[in-house]
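> predicted model and sequence below, questions to follow.
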Amino acid sequence: QVQVVESGGGLVQAGGSLRLSCTASGNIYSINYMGWYRQAPGQQRELVATITSGGSTNYADSVTGRVTISRDSAKNTMYLQMNSLKPEDTAVYYCNAEVSTLSGDILRTLEIWGQGTLVTVSS
């Protein structure tokens, strides 16, 4: 079984910073892709940032310049450094990963979601 667990959410004032972490665990052969998504109350889940196994990154326009995604492959962990936070960044932040598992000679690719971590930015 493979899972991802987020941490690092909390309450912060506008202009402040937070660093979110997401760690994958279980029967992992490789992690092909990791990303952060967020969902504000009453809104659809939206992409925040993604990072590939090769280190290529992609950011939503709304966070570009304020957010940095990174990963430590040795620890199967991804980070989201968020600076200059705004009240509109308030949301539940979810970790998403595409993980390959190897059982015997069978390679499977799974998409995994975490439970989410709440980020609240006060004005």
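Thanks, I have the structure now. Residues are numbered from 1 along each chain as shown.
> going by C-alpha atoms from here, please, whenever you check contacts or count neighbours.
Fine.
> what's the closest non-adjacent residue to the spatially most central residue of the chain?
Among the residues of the chain, the one closest to the centroid is W36, at 3.0 Å (C-alpha atoms, centre = their mean). Once flanking residues are discounted, W36 sits nearest to C95: 4.9 Å by C-alpha to C-alpha, 6 or more residues apart in numbering.
> C-alpha coordinates for whichever strand or helix holds that neighbour, CSV please?
Assigned by DSSP states H and E, C95 belongs to strand 91-103. Extracted C-alpha coordinates of strand 91-103, given in CSV (Å, rounded to 0.1, in the frame of the first residue of the first chain):
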residue,chain,number,x,y,z
ALA,A,91,-7.7,26.5,1.3
VAL,A,92,-7.1,22.8,2.0
TYR,A,93,-3.9,21.9,0.3
TYR,A,94,-3.7,18.4,-1.1
CYS,A,95,-0.7,16.4,-2.1
ASN,A,96,-1.0,14.3,-5.3
ALA,A,97,1.5,11.8,-6.6
GLU,A,98,1.9,9.3,-9.4
VAL,A,99,3.7,6.4,-8.0
SER,A,100,4.9,3.1,-9.5
THR,A,101,4.9,0.0,-7.4
LEU,A,102,6.7,-3.3,-8.2
SER,A,103,5.3,-6.6,-7.0
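> neighbouring strands - and their directions - for that strand?
Applying DSSP bridges, strand 91-103 is found paired with strand 30-39 (antiparallel), strand 106-113 (antiparallel), strand 117-122 (antiparallel).
> and the residue nearest to the centre of the chain, how far is that from P87?
Using C-alpha to C-alpha, to the nearest Å, W36 is found at 18 Å from P87.
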